[in-house]
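1. quick one: sequence plus predicted model below, questions after.
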Amino acid sequence: MKRKLIVVFILMIIILFFGIGQAQTYNDIINEAFVIKTIRTILVNRMNIMNLCIYEGLDLNLAEKKLKEIEVDVLVKEDLKNLAYLRENPTDLEYVSALRVLNISLIDYSLERIRFKTEIEWEINYYEDKSTEVFKYEIELIRVDDRFLLNKFKSIS
């Protein structure tokens, strides 16, 4: 009986050790610097694709291909719908030339999904001048194969 108790105790220590090691792995991989770098890369690519479509007439099929590299299908469809509308109903749109991720507040994360709130500063070029505007967002990234894709990009008050 004593021997069984010792074996169970040793197994519990081993399981606990590996569980803590896994949690430490998440913390080593998913940190603020990683999230900022990842979301900045995704949003800069998205901004460039949108600008190419709006201002330089990038083919929507090519835009769809490029967007699928950084977004899930639902967002791709939404972006393409908006781009098609802008092509059919041209207006004087401001040119977004740059962005900065100001801060990150992690809500929930794992190796498969990251949810966070952030403030993004957008540099906007008007016809006669430039300005910056800051907006708050709730963002979710999901892991697909070996990279994270934008799954949710929602403006919050």
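-> Cool, got the structure. All of these numbers come straight from a predicted model, not from anything done at the bench.
2. list the residues that contact Met47.
-> Going by CB atoms under 8 Å, 6 or more residues apart in numbering, Met47 touches 96, 99. From N, CA and C alone the C-beta is placed, and that goes for glycine too.
3. where's it, which helix or strand?
-> Per DSSP states H and E, Met47 falls inside helix 32-56.
4. pLDDT on stretch 124-136, on average?
-> With pLDDT averaged residue by residue, stretch 124-136 scores 92.
5. roughly how far out does stretch 94-108 sit from the chain middle?
-> Relative to the mean C-alpha coordinate of its chain, stretch 94-108 is positioned 10 Å out (CA atoms, centre = their mean, to the nearest Å).
6. now stretch 134-154
-> Distance, centroid of stretch 134-154 to centroid of chain: 3 Å (CA atoms, centre = their mean).
7. what do you get for stretch 118-137?
-> 18 Å.
8. what's the span of it, first residue to last?
-> Stretch 118-137 has an end-to-end distance of 5 Å (CA to CA, to the nearest Å).
9. what do you get for stretch 86-106?
-> End to end - CA to CA - stretch 86-106 spans 34 Å.
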